[in-house]
Every structure is written in structure tokens, then in C-alpha cells.
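>>> model this:
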Amino acid sequence: MGPLLAAPPAWGQLKAEIAKLGAKEWRHPITGQPTRFSFSTIERWYYSALAAKSDPVGTLRRKLRSDSGQQPSLSEKLRPILGAQYRAHKKWTYQLHFDNLGVLVQQQVDLGPMPSYTSVRRYMKNHGLVQKILARAKGTGGALKAEKRLETREVRSCESEYTNGLWHLDFHQGSLEVLTPEGEWVKPYLLAILDDHSRLICHAQWYLGETAENLVLKRQLPRSLLTDNGSAMMAAETEQGLLRLSVLPETTLAYSPYQNGKQESFWGQVGNSLPGSKMRKRRVFWFSELFGK
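Below you'll find the model as predicted:
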């Protein structure tokens, strides 16, 4: 708004000047990503700043909600019930907690009126009652240690700011068996390498096993590589080879697949796109057709 207010355009030129500002890319002050603003948004900002002659900048500041800083509309009786419900079912979603709380309110009239879903979700987020992704394997020492770490420590997501700054790598065993020329039924492994910033699949290829020999970078070198703790990724030749190429090898924590969530999301897309993935029967594929050999 500075140029428009400091040097107002000539009569009839305002629309053209606003269109120029709308076509320009700006750096977002919070995310740092390039962004654009629509013609109507810039026009609304201009007239709002123009009307507030004493403080045009203050008029354009983000407005706080009228209920900002206040406690959510959750009664004192429902708060301990919701807390106990969360401790017993940390894997539940906000919607599932809301539905079960609604059943209790219907059964016990003395609990008072049922708050809205937005109020329940806001209260849970403000008090750290967020959904926990617990380890799948139960009973083992590593799984229990990973579950305790996830409950007691904050888990943050990360994203590389530059292409080739961080790659994700993982093997995924397919659900369909293939028939090799030797007459053996095997489940192949898909090796996928994903760029963190651009989400480009740098390489994807099927193999008969998860070995360090098959774990070969097929594209230009990244700055760092994030993998799980599979045997092929932890092999000495793999680690030494990456270090010789000045690639920083990084691994996720044990029993913590959520740290490589971008890769896990890609496996879901692969599974849904495979032929016969929605049918509960074994499909026959010749090894030469699937592997191109």
C-alpha cells in the first residue's frame, strides 16, 4: 500500500496500478514462499488505509478475535471427563472424542449442555491433547521406548528449503506376488527416492530384494539423505559410499515411521494404483514384464 498512498495514481489509473500489484509476486513474511494477492484484496486494503488517515498501517494489521485469550466453552464437569477419555484413547481423532463425549452428555443430564465440535477441538489443542501415532509393534523394548518418547517429547515436521537439499529413500514390499523364470513366487520390493522440497520422484524401480547392492543413487547427488533403519540403509558400504560422495546420511528414530511421512504417503498412492490392489486375490505377473528384463 505504500506506493499507492505515497504517490496516488492519476485519475482513471487506479485500476491499472492495482492490477500491476496483483500480477507481482511477493515474499510471504511468515512462510517465506512467493505469493500473490488478488485485485479485490488489494483494492479493499487500499480503501481501508485511505479511510484511516491517522493510522493507515494499524488499520491493515490482523484483527484479533473478540474471544481471543478466553477459555473455550467447555464446562468444569466435562474437562476432567475429556482428559480421562484422552488418556485412555490417545489414538482417537478429535471427531471420535467429540462423538463419545456427546454420548456421555446424553446419558448424564447433570453434565450440562454439549459444546460444539469446534470448542472441543480448540480445548484439546490448547491443552496438548493431540492425537498420538503410537508404534505398531507392541511388547518389544524398542516399541515401548518409541511410544514413551512420542508421548513425552514434542515431534515437529521438517521441510527442506531447496531442491536436492534432502531426499527420502525407502524400500516397500509389494502385496502382489510375481513369478520368476525359475518358477518361484516372490513379493518384489519397490525402491523409491523422493525429493523433499519439490516432491519429485527421483527414482522408482522394482527389485527382488532389499539389499545394499540395489540401493544405488540413480540421479544427481543430494545434500542429505533420510532413510529408516533397514539393513540395506545401515550397511557399512552404503554409509561409507554416501560419505565419500559428501552426502549426509540421516536415519529416523526406531519404530518411528511418521518421521518419514512423505515417503509413507507415497507408498499409499502406489498401493492404490497397482492393478488388483482392491481385489483379495493373487494376480500372476511374469518377471520379465514387471522388471523389464
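>>> Which parts of the stretch 101-250 of the chain are helices?
Secondary structure of the stretch 101-250 of the chain (DSSP state H, counting those that start in this stretch): helices at 117-126, 141-152, 231-234, 236-244.
>>> Between these, which has the poorest mean confidence score?
Note on those: helix 141-152 shows the lowest mean pLDDT, a mean of 74.
>>> Off-centre distance for the strand or helix carrying I42?
Assigned by DSSP states H and E, I42 falls within helix 39-51. In terms of C-alpha atoms, centre = their mean, to the nearest Å, the centre of helix 39-51 is set 35 Å apart from its chain centre.
>>> Could you do stretch 75-92 as well?
That offset, for stretch 75-92, works out to 26 Å (C-alpha atoms, centre = their mean).
>>> What residues of that stretch count as buried?
By 16 or more other C-beta atoms under 10 Å, the buried positions in stretch 75-92 come out as L78, I81, L82, Q85, Y86, K90, W92. Every residue, glycine included, has its C-beta placed from N, CA and C.
>>> circling back to that earlier point, per-residue confidence averaged over the helix holding I42?
89.
>>> Just the C-alphas of it, formatted as PDB.
This file holds the C-alpha atoms of helix 39-51, laid out as PDB (Å, rounded to 0.1, in the frame of the first residue of the first chain):
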ATOM      1  CA  PHE A  39      -7.200  -7.500  -7.300                       C
ATOM      2  CA  SER A  40     -10.200  -7.300  -4.900                       C
ATOM      3  CA  THR A  41      -7.900  -7.900  -1.800                       C
ATOM      4  CA  ILE A  42      -5.500  -5.100  -2.800                       C
ATOM      5  CA  GLU A  43      -8.500  -2.800  -3.600                       C
ATOM      6  CA  ARG A  44     -10.100  -3.400  -0.200                       C
ATOM      7  CA  TRP A  45      -6.800  -2.800   1.600                       C
ATOM      8  CA  TYR A  46      -6.300   0.500  -0.300                       C
ATOM      9  CA  TYR A  47      -9.700   2.000   0.500                       C
ATOM     10  CA  SER A  48      -9.400   0.800   4.200                       C
ATOM     11  CA  ALA A  49      -6.000   2.500   4.500                       C
ATOM     12  CA  LEU A  50      -7.200   5.600   2.700                       C
ATOM     13  CA  ALA A  51     -10.100   6.000   5.000                       C
END
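>>> show me what contacts the spatially closest residue to K77 that is not a sequence neighbour?
Spatially, and ignoring its direct neighbours in sequence, K77 is nearest to L111 (5.2 Å; C-beta to C-beta, 6 or more residues apart in numbering). Each residue near L111 by C-beta atoms under 8 Å, 6 or more residues apart in numbering is listed here: S75, K77, L78, I81, L104, V105.
>>> how much space between the second one and A84?
Okay, so that is K77. In this structure, K77 and A84 are 12 Å apart, going by C-beta to C-beta, to the nearest Å.
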